[in-house]
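Q: Give me the fold of what follows.
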Amino acid sequence: MVGEKRILMISFRCPWPQDKGGYVLRFLNIAKILSKNYKVDLLTLIEDKAEEQYVDNLKKIFNNITYFYHPKIYEYFGALKAFFSFKPLQVGYYYSPQMASWLKERYKDYNLIFCSTIRTAEYAKKLNVKRCIDFIDAISLNYHQAVKRAKGLWKMIYSVENKRLLDYERKIAKDFELSFITTQKDKDFILEKDNGKMVVLPNGVKEELLKREFVGKEEDLLVFFGKIDYQPNEDACLFFAREVFPKIKKEVPRVKFYIVGVNPTKKVLNLQRIEGIKVTGGVPDPYSSYLEKSKIIVAPIRFGGGMQNKILEGMALGKTVLTTPIGAAGITEAKDGEHFVVADYKKPDEIAKKAVLLLKDDELRRKIGKSARKLILENYTWDRVEKKLIENLSLIV
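A: From the prediction side, this is the model:
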């Protein structure tokens, strides 16, 4: 422990259970790293009082935990209020006056306030204390791409957010003492020029994945894995199922496409009307149940920013991942054809052709999978992330 230095981490949602998605995994792993060096407290919102049951799990990581109930009605009111304040709607959506008041009274107890995403930056924006933010990714980049595909209410929301997010992100990056982000691409999108205050901090993968050794037989199975109600993931599933999978099935009739992950939307569930497609929902161990048995893990992402955990985890398992330039963009050390396979999402025929080749060529898949796991071991473990995180934080704490 570095003396009695204390850090307060702020989360816009309850960071448990761990299968909530990539946000929670990154938040918890950073918290575990910081707790080795500092006393770390948690300040968070909970949307549902049932989430109080997770506090005992979080106590294993955090020194003290403070939470405020923030139901949907509060979130909608906050977003409406933000609409007229010209702040990003999601900043208002996750803003709790009660939590802000609590922090205003107690922030002097901490050496650093660690905000997770711009959704918590508003709480620390005006405090006279060292502040750090983990942007994770450029949300503005995600929305800039998403507005082209959104329809109805979402198109209106994305249009409003698209005009506000980048200015807000740039202001926070300028005002806070330090910020982190997962990829250089996202950093370049936010910053007009490199001011040295934003550090690229990639994700790591679970150590357990790198220890697993699959000894069974692969099946003619394609798997998508992720939090399904996240719009880029939902879009990827719909696109692949409708425009790519039927082309693959013509060449490999036995092939199946499984969509694995929590919160499948109605649109995704309806894909099961297509022969060969199954939507599993969340499962206790998706790795042994589906991912390890698959021949290919697909990540046909058409928009979004940041680093795709689903791709990192697939590579860590030694699987061949078939993705798009957008999905591959954050993993700068990886090469197409050597560590994964990349195909243009604007060309469904190209994706299908590469998938068929991989399904039929066992040796090629094994070669790519082996190289993929090696690259993850060398670049994307939490031990490597830890060194960079602590080195940078030590400059301001």
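Q: where does the stretch 101-250 of the chain have low pLDDT?
A: 193-196 (pLDDT under 70).
Q: Could you pull out the strands in it for me?
A: 112-116, 131-136, 178-181, 198-200, 221-225 (DSSP state E, counting those that start in this stretch).
Q: just checking, what packs against the second one?
A: Here strand 131-136 is seen to pack against helix 22-35, strand 112-116, helix 152-175, strand 178-181 when contacts are counted using 3 or more CB pairs under 8 Å, 6 or more residues apart in numbering; DSSP states H and E. Where C-beta positions appear, they are placed from N, C-alpha and C, glycine not excepted.
Q: what lines up beside the second one in the sheet?
A: In the sheet containing strand 112-116, its partner strands are strand 6-11 (parallel), strand 131-136 (parallel), by DSSP bridges.
Q: Contact partners for His70?
A: 45-47, 94, 96, 99 (CB atoms under 8 Å, 6 or more residues apart in numbering).
Q: Keep only those of the residues you listed that are in strands.
A: 45-46 (DSSP state E).
Q: And the contacts of His70, which is the shakiest by pLDDT?
A: Lowest pLDDT among the contacts of His70: Glu47, with 94.
Q: re earlier: could I get the strands of the stretch 101-250 of the chain in JSON lines, plus columns for mean neighbour count and distance to Pro264?
A: Below are the strands of the stretch 101-250 of the chain laid out as JSON lines (neighbours: other CB atoms under 10 Å; distance: least, CB to CB, whole Å):
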{"stretch": "strand 112-116", "mean neighbour count": "26", "distance to Pro264": "26"}
{"stretch": "strand 131-136", "mean neighbour count": "24", "distance to Pro264": "23"}
{"stretch": "strand 178-181", "mean neighbour count": "25", "distance to Pro264": "29"}
{"stretch": "strand 198-200", "mean neighbour count": "18", "distance to Pro264": "32"}
{"stretch": "strand 221-225", "mean neighbour count": "24", "distance to Pro264": "11"}
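Q: Could you dump those strands into CSV and include distance to Gly369?
A: Supplementary listing: the strands of the stretch 101-250 of the chain in CSV, determined by distance: least, CB to CB, whole Å:
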stretch, distance to Gly369
strand 112-116, 33
strand 131-136, 27
strand 178-181, 29
strand 198-200, 26
strand 221-225, 14
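Q: re the thing from before, wait, which of the helices and strands packed on strand 131-136 is closest to Leu201?
A: Nearest of the helices and strands packed on strand 131-136 to Leu201, taken as CB to CB: strand 178-181 at 4.2 Å.
Q: what residues does that closest one touch?
A: 131-138, 172-173, 187, 190, 197-201, 389, 392-393, 395-396.
Q: Let me know the helix or strand that Ile297 is in.
A: Using DSSP states H and E, Ile297 sits in strand 296-299.
Q: Partner strands of that strand and their direction?
A: In its sheet, and by DSSP bridges, strand 296-299 pairs with strand 221-225 (parallel), strand 320-323 (parallel).
Q: what mean pLDDT would you report for the last one?
A: Averaging pLDDT along strand 320-323 yields 98.
Q: If you count neighbours, what's buried in it?
A: For strand 320-323, the neighbour count (16 or more other CB atoms under 10 Å) marks 320-323 as buried.
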